[in-house]
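Novice: fold the following.
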Amino acid sequence: MAEKKAFPLRLDPALYEAIRRWADAEFRSVNGQIEYLLQQAVEQRKKGNKDPKGGDAR
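Specialist: Residues are numbered from 1 along each chain as shown. Reported below is the predicted structural model:
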């Protein structure tokens, strides 16, 4: 397995709490939940899904 890149991330406390609750519900750590969400976003972008604002996500 490739080594993971570590970096600091600053989040609004309310956003962090929402992600923490979501992670708890899905039996993930906050870090794991953020990584999962980012992976999902990258996969959607690769598939060429449209941006919800109406523009192209690419």
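Novice: the helices in the chain, which residues?
Specialist: Per DSSP state H, the chain carries helices over the ranges 13-25, 30-46.
Novice: could you dump those helices into TSV and include mean pLDDT, distance to Glu3 and mean neighbour count?
Specialist: Bear in mind the C-beta positions are built from the backbone N, C-alpha and C, glycine included. As requested, the helices of the chain are arranged in TSV below (pLDDT from 0 to 100; distance: least, CB to CB, whole Å; neighbours: other CB atoms under 10 Å):
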stretch	mean pLDDT	distance to Glu3	mean neighbour count
helix 13-25	98	23	12
helix 30-46	96	14	13
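Novice: and of these, who's closest to Ala2?
Specialist: Closest approach to Ala2 among those is made by helix 30-46 (13.1 Å; CB to CB).
Novice: which strands and helices lie in contact with that closest one?
Specialist: Counting by 3 or more CB pairs under 8 Å, 6 or more residues apart in numbering; DSSP states H and E, the packing neighbours recorded for helix 30-46 are helix 13-25.
Novice: mind giving me the packing neighbours of the helix it packs on?
Specialist: Helix 13-25 packs on helix 30-46, going by 3+ CB pairs under 8 Å, 6+ apart.
Novice: just how off-centre is the helix it packs on within its chain?
Specialist: Centroid separation between helix 30-46 and its chain, computed with CA atoms, centre = their mean, to the nearest Å, is 4 Å.
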